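Undergrad: coordinates for the following, if possible.
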Amino acid sequence: SKPVKWNEEFKAKFNGVYVIAKTNDPMTQIAKNPSFGICENAFSKWIKEATELKLNGEKDDRIENFKGHLSEFWNPNENILYIGQSSSKTNPIQKRVRQFYSHKLGQKGPHTGGYWLKLLDCLENTFVFYAEAKNPRDTEFKMLMKYIEYSTGKSFYELENIGKNLPFANLTADFYKEHRIKNATNKNKRKTQGNNV
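TA: Prediction:
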């Protein structure tokens, strides 16, 4: 697809894969790419929602500590921040990406995967690319593996810690990105929608 600005609606009533990138041109020189930063407002909302949030095994609400930890996973030489897929017949790409737009940090849904992206201060300047795929899950996995190979210059088999080399906001891909953030969602909060309480 042509790039779509973050939060912009688009029509894609099919399943496939999508990519969130720092720029609207994958070939943009790295020097022009935004540097790493966390949005204070987004972080503030996150710690209010995820009341048991922990870093390094302890409750922590200091933005500078999270910024330091998350910056370890930021790759200034790469344009891609997240690779995702939509494989449900009732959840085409346009709906899945809309769920990402509306997702609130600290909540269990509708798009918890990739929540690190929602912390970035450059989020409003990112772009969405998407494509139809017959087998979105397999295609997403292949794209993630190709991303790792390109960004590291090494084969998948040569890497000791594969997860650390995933795009910034991807936390899983049949294996996990090892990080020290726990309780990122409010596990105790019940949804009250539809209740008369």
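Undergrad: alpha carbons only for contacts and neighbour counts from here, please
TA: Fine.
Undergrad: quick one: residue 68 from residue 25, how far?
TA: From residue 68 across to residue 25, the span is 28 Å (Cα to Cα, to the nearest Å).
Undergrad: no no, residue 97
TA: Counting by Cα to Cα, the separation of residue 97 from residue 25 is 19 Å.
Undergrad: who has more neighbours, these two?
TA: Set residue 97 next to residue 25 and count neighbours by other Cα atoms under 10 Å: residue 97 wins out with 27 against 12.
Undergrad: excluding covalently adjacent residues, which one is nearest to the residue nearest to the spatial centre of the chain?
TA: Nearest to the geometric centre of the chain sits residue 114, at 2.5 Å (Cα atoms, centre = their mean). Excluding the flanking residues, the one nearest residue 114 by Cα to Cα, 6 or more residues apart in numbering is residue 169, at 4.7 Å.
Undergrad: what pLDDT does that neighbour get?
TA: In this model, residue 169 is scored at 97, pLDDT.
Undergrad: now do the contacts for it.
TA: 81-82, 114-117 (Cα atoms under 8 Å, 6 or more residues apart in numbering).
Undergrad: want to throw the residues you listed into a markdown table with secondary structure and distance to residue 150?
TA: Formatted as a markdown table, the contacts of residue 169 follow (DSSP: H, G, I helix; E, B strand; the rest coil; distance: Cα to Cα, whole Å):
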| residue | secondary structure | distance to residue 150 |
| --- | --- | --- |
| 81 | strand | 14 |
| 82 | strand | 15 |
| 114 | coil | 21 |
| 115 | helix | 24 |
| 116 | helix | 22 |
| 117 | helix | 21 |
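Undergrad: among these, which one has the most neighbours?
TA: Ranked by neighbour count (other Cα under 10 Å), those have residue 82 at the top, with 23 neighbours.
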